[in-house]
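1. no sequence on this one, just coordinates:
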């Protein structure tokens, strides 16, 4: 039973990733695209963690942690660029 639920959740997260990618490409404004990029990496973290649970491997959790750190740094850098026009002061 748990295998079917995890497979269904993987499918739903895959659809969410595709829809978020469409918003990233189509987004009307730059802030909408930045928000879509944040959502994209959060969905990818959830997908990796769920895939790690499904396979029973710890490697996917480490990859999800790496994506979380890089996504946070990227979001802070883009927000700083939008506010000040420069990343490094």
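-> Nice, thanks for sending it over. Predicted, not measured: the structure shown is a model, and the values here were computed from it. Numbering: from 1, shown residues only.
2. distance between the strand or helix carrying residue 63 and the chain's centre?
-> Secondary structure from DSSP states H and E places residue 63 in helix 59-84. Remark: helix 59-84 is offset 9 Å from the chain centroid, using Cα atoms, centre = their mean, to the nearest Å.
3. Repeat that for stretch 9-24.
-> In terms of Cα atoms, centre = their mean, the centre of stretch 9-24 is set 10 Å apart from its chain centre.
4. Check which residues of stretch 55-71 are buried.
-> 60, 63-64, 67, 71 (16 or more other Cβ atoms under 10 Å). Backbone N, C-alpha and C define where each C-beta goes, glycine included.
5. Of those, just say which sits nearest to residue 81.
-> The closest of these to residue 81 turns out to be residue 71 (Cβ to Cβ; 15.6 Å).
6. ok, now which ones touch the residue nearest the centre of the chain?
-> Geometric centre of the chain, nearest residue: residue 41, 1.2 Å, by Cα atoms, centre = their mean. Contacts here follow Cβ atoms under 8 Å, 6 or more residues apart in numbering; on that basis residue 41 touches 67-68, 70-71, 74.
7. rerun at 6 Å
-> 67, 71 (Cβ atoms under 6 Å, 6 or more residues apart in numbering).
8. where does the protein have low pLDDT?
-> Counting by pLDDT under 70, the chain has low-confidence residues at 89.
9. other SSEs contacting the helix holding residue 63?
-> helix 30-55 (3 or more Cβ pairs under 6 Å, 6 or more residues apart in numbering; DSSP states H and E).
10. What residues sit buried inside the helix it packs on?
-> 33-41, 43-52.
11. For residue 60, which non-adjacent residue is closest in space?
-> The shortest distance from residue 60 to any residue other than its chain neighbours is 3.0 Å, reached at residue 52 (Cβ to Cβ, 6 or more residues apart in numbering).
12. ditto for residue 81
-> residue 87 (5.3 Å).
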